[in-house]
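Peer 1: One predicted model, sequence on top.
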Amino acid sequence: MSAVLVVLGVIAGTALLLLATAMTLLVIGIRTQNRRILGVVRRFNRSVTNRAQLRTAGKEGATMGLLHHRGRASGRAYVTPIGPSPEPGGFAVVLPYGPDTDWLRNLRAAGSGLLRFDGRTYRVDRPEVVPIGETVLVEREAATIRLFKVENALRLRAAEVTGRAADEATPAP
């Protein structure tokens, strides 16, 4: 019996060590904007985290929104979960991976998109990367900013839309 407990203890300890190592690499990678680590994190988020968030993002009471945008080269329609924070005239979004994410490059190329947030739909435009200290995020996301050493945010001008445009941005049940 004690041999089984020792083996289970070693397995549990190894799992915790691997998790701690992965979390440390994540924080260091984002803090230093390491392209290799950011690439791994982006791929993981695209295939795992984002898929889970698509179920609830954009709905009333959800903290995440859904950004509808078009591919800058392909013209393909994309939906990306993002974490917008309302501010006067629009929204601010933390950019922990920096300003070179595909969704942001697409939005900047198009100049506008639709954001489904808290059960409402907004036309967002004038995407502008700004120092995070110039946004409401400096207070709301202080822990994230410090942990990941985030320097930039995205500022979006927004206007609520209704009718057909709003219906198009509402995911089917």
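Peer 2: Sure, I can see it. Small disclaimer: the values here were computed from a predicted structure and weren't measured.

Peer 1: Counting by contacts, list what the longest helix seen in the chain packs against.
Peer 2: Longest helix in the chain, counting residues (DSSP state H): helix 2-32. Contacting helix 2-32 under the criterion 3 or more CB pairs under 8 Å, 6 or more residues apart in numbering; DSSP states H and E are the following elements: helix 35-44, helix 142-148. Backbone N, C-alpha and C define where each C-beta goes, glycine included.

Peer 1: for the first one, packing partners?
Peer 2: Using 3+ CB pairs under 8 Å, 6+ apart as the contact definition, the elements that helix 35-44 packs against are helix 2-32.

Peer 1: What backbone torsions are found at residue 151?
Peer 2: phi -110, psi -30 (degrees, to the nearest 10).

Peer 1: Quick check: closest non-adjacent residue to it.
Peer 2: residue 132 (6.1 Å; CB to CB, 6 or more residues apart in numbering).

Peer 1: dump the residue contacts of the one you found.
Peer 2: Going by CB atoms under 8 Å, 6 or more residues apart in numbering, residue 132 touches 94, 95, 138, 145, 150, 151, 152, 153.

Peer 1: Please identify which of the residues you listed is nearest to residue 21.
Peer 2: Nearest to residue 21 among the contacts of residue 132 is residue 150, at 22.3 Å by CB to CB.

Peer 1: for that closest one, phi and psi?
Peer 2: Per-residue torsions, residue 150: phi -80, psi 130 (degrees, to the nearest 10).
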